[in-house]
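Student: Provided below are the primary sequence and the corresponding predicted coordinates.
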Amino acid sequence: MKKRLQYIGPVAICLVTGFSASLFQKTALADWYPTLEKSVLTPPALVFPVVWTILYVLMGIALGRIQGKDLQRAIGCLLYTSDAAD
């Protein structure tokens, strides 16, 4: 049970980050994206929120796995957050 608890915070942080980013992009998604010429392989719009949610949950799990007190894990968390900021 304790192991599962270490993932709740990081997953929540990633989900909140993803949700806040979607709020900033609402106008672009409504105005700009529909005007693009898309491939026939482009998935329907309903797929994107599902896939992004799964992605953010997996990112939270990855962050939960590298959290810790020793220096190697601290460096891992730093590298993880610098990559997630891209």
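Tutor: Sure, I can see it. The structure presented is a predicted model; accordingly, all values stated were derived computationally and were not measured.
Student: Report the contact partners of the residue nearest to the spatial centre of the chain.
Tutor: Central residue of the chain (Cα atoms, centre = their mean): Tyr56, 3.0 Å from the mean position. If you count contacts by Cβ atoms under 8 Å, 6 or more residues apart in numbering, Tyr56 has them with 11, 14-15, 17-18. From N, CA and C alone the C-beta is placed, and that goes for glycine too.
Student: roughly how far is the helix or strand hosting it from the heart of the chain?
Tutor: Assessed by DSSP states H and E, Tyr56 sits inside helix 47-66. Its chain's C-alpha centre lies 5 Å from the corresponding centre of helix 47-66 when counted by Cα atoms, centre = their mean, to the nearest Å.
Student: how close does the residue nearest to the centre of the chain get to Lys38?
Tutor: Distance, Tyr56 to Lys38, by Cβ to Cβ, to the nearest Å: 24 Å.
Student: swap in Gly9?
Tutor: 37 Å.
Student: And Phe19, by the same measure?
Tutor: From Phe19 to Lys38 the distance is 25 Å (Cβ to Cβ).
Student: next one: phi and psi at Lys26?
Tutor: When read as degrees, to the nearest 10, the backbone of Lys26 gives phi -60, psi -40.
Student: Let me see the contact set for it.
Tutor: By Cβ under 8 Å, 6+ apart, the contact list for Lys26 is empty.
Student: average pLDDT across the top helix by length along the chain?
Tutor: In the chain, taking DSSP state H as the definition, the longest helix is helix 2-24. For helix 2-24, the per-residue pLDDT values average out at 83.
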